[in-house]
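Colleague: Fold the following and give me the result.
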Amino acid sequence: MYTLITGGSLGIGKALARECAGRGMNLLLVARHEAELDNASREIREEFSVRVETLQIDLRAPEAPQKVLDWCRREGYAVNVLMNNAGVAGTVKFETSTLEYSDERILVNVRALVLLTRLVLPELKTHPRAYILNTGSMSAYYPIAYKSVYSASKAFVLIFSRALNEELRGSQVSITVVNPNGVRTNTGTHNRIDSHGRLTKRFVIMEAEEIAAIAVDKMLKGKLVVVPGFVNRVIIFVSRMIPRGIWQRKASNIFRKELLEEQSV
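Modeller: Next up, the predicted model:
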């Protein structure tokens with residue numbers, strides 16, 4: 001049995017891989033950059049007694065989801081856990097963004113996730129118990145200025161996960177969608193997070209390893225929607241009681257600072 005993780009070479013994806021390896025799960029890691037994949041797989045093999053196989057592929061490519069499935073079938077990898085973790089974030093003013101900028105987020109955050117889920121689902125249903133873990137975002141709950149395509153893509157992931165989980169009710173496959181707040185995964189996210197100030201970094205931001213541990217634990221328990229961090233859950237609860245116009249303007253000001261931070265890099 002294998003756990004298939006997209007975007008498994010860095011950030012939350014790598015943390016998920018390490019968490020699963022620590023629980024004795026064999027891994028199939030799929031990511032865009034071969035060097036990072038090699039480093040992640042070598043590190044996990046050396047530390048954990050599990051099998052780790054890798055596939056370097058760009059999930060933006062139209063044929064990528066089918067190629068991932070073909071690889072699994074060709075090599076005889078039985079997949080009982082699918083983790084759709086690959087995603088592209090970013091902050092930009094929509095009217096000045098390129099077409100490629102929006103297309104990349106739609107292709108990876110939405111299209112690849114949906115098609116890979118559809119392709120792997122029949123395999124998952126051949127096992128007594130199987131799981132799908134989708135990596136969403138707290139952005140899924142808010143129409144965020146300067147993150148219009150990204151937040152909409154994560155709202156799609158949340159709604160898709162809820163709807164498909166209902167379709168699969170009573171089957172051996174359960175779906176979990178984890179919606180973390182900001183996570184330090186690379187230089188870009190470090191800069192964006194730093195632009196939000198000390199309080200945000202102290203009380204809201206979580207480490208990828210902590211998110212991964214929570215996500216895998218809740219997934220194995222069949223939890224549908226997971227928001228890691230008590231403060232993050234409070235933020236969602238409180239925002240529902242505040243008029244949308246008020247918190248949307250506040251969020252706009254916050255992410256305008258993030259946009260300026262990205263432009264200054």
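Colleague: Any idea what the closest residue to residue 34 other than its chain neighbours is bridged to?
Modeller: Closest residue to residue 34 apart from its sequence neighbours, by C-beta to C-beta, 6 or more residues apart in numbering: residue 56 at 4.2 Å. C-beta here means a position set from N, CA and C on the backbone, and glycine is covered the same way. Note on residue 56: beta-bridge partners by DSSP bridges are residue 31.
Colleague: who's in contact with residue 123?
Modeller: 72, 78-79 (C-beta atoms under 8 Å, 6 or more residues apart in numbering).
Colleague: Would you format those as a markdown table with pLDDT and neighbour count included?
Modeller: Listed next are the contacts of residue 123 as a markdown table, based on pLDDT from 0 to 100; neighbours: other C-beta atoms under 10 Å:
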| residue | pLDDT | neighbour count |
| --- | --- | --- |
| 72 | 98 | 21 |
| 78 | 98 | 12 |
| 79 | 98 | 21 |
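Colleague: Strands along the chain, start to end?
Modeller: Shown for the chain, the strands assigned by DSSP state E span residues 2-6, 26-31, 52-56, 79-84, 130-135, 173-178, 225-226.
Colleague: quick one: low-confidence parts of the protein?
Modeller: Low-confidence segments of the chain, defined by pLDDT under 70, are located at 184-204, 247, 256-257, 259-265.
Colleague: Helices of that one, residue ranges please.
Modeller: Secondary structure of the chain by DSSP state H: the helices cover 11-22, 34-47, 64-75, 99-106, 113-124, 148-167, 187-194, 198-203, 208-220, 230-239, 244-264.
Colleague: My understanding was that residue 140 contacts residue 161; is that so?
Modeller: No: with contact defined as C-beta atoms under 8 Å, residue 140 and residue 161 do not form a contacting pair (9.6 Å).
Colleague: Pretty sure residue 25 is one of the things residue 3 touches, is it not?
Modeller: Yes: using C-beta under 8 Å, residue 3 is in contact with residue 25, at 4.6 Å.
Colleague: Which residues are in contact with each of those two?
Modeller: Counting by C-beta under 8 Å, 6+ apart, the residues touching both residue 3 and residue 25 are residue 81.
Colleague: Which of those two has more residues huddled nearby?
Modeller: Comparing residue 3 with residue 25 by other C-beta atoms under 10 Å, the one with more neighbours is residue 3, at 25 against 19.
Colleague: What separation do you get for that one and residue 122?
Modeller: Computed as C-beta to C-beta, to the nearest Å, the residue 3 to residue 122 distance reads 17 Å.
Colleague: Residue 138 now?
Modeller: Separation of residue 138 from residue 122 (C-beta to C-beta): 32 Å.
Colleague: Check residue 66 too.
Modeller: Note on residue 66: its distance to residue 122, by C-beta to C-beta, is 13 Å.
Colleague: okay, these two: which has more neighbours?
Modeller: The neighbour comparison of residue 66 against residue 122 (other C-beta under 10 Å) goes to residue 66, with 13 against 9.
Colleague: what sits against that one?
Modeller: Contacts for residue 66 (C-beta under 8 Å, 6+ apart) come out as 115, 119.
Colleague: Now for the closest residue to residue 10 other than its chain neighbours, how many residues are close by?
Modeller: Using C-beta to C-beta, 6+ apart and skipping the chain neighbours, the partner closest in space to residue 10 is residue 36 (5.7 Å). Residues contacting residue 36 under the criterion other C-beta under 10 Å number 18.
Colleague: so residue 36 makes contact with residue 9?
Modeller: Yes: using C-beta under 8 Å, residue 36 is in contact with residue 9, at 4.0 Å.
Colleague: ok, and the closest non-adjacent residue to the residue nearest to the spatial centre of the chain?
Modeller: When C-alpha atoms, centre = their mean is applied to the chain, the residue found nearest the centroid is residue 135 (2.7 Å). The shortest distance from residue 135 to any non-neighbouring residue, by C-beta to C-beta, 6+ apart, is to residue 85 (4.4 Å).
Colleague: dump the residue contacts of that neighbour.
Modeller: Here residue 85 is in contact with 5-8, 12-13, 16, 133, 135 (C-beta under 8 Å, 6+ apart).
Colleague: okay, those residues in a markdown table with distance to residue 118 next?
Modeller: Below are these laid out as a markdown table (distance: C-beta to C-beta, whole Å):
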| residue | distance to residue 118 |
| --- | --- |
| 5 | 18 |
| 6 | 14 |
| 7 | 18 |
| 8 | 20 |
| 12 | 23 |
| 13 | 21 |
| 16 | 21 |
| 133 | 16 |
| 135 | 18 |
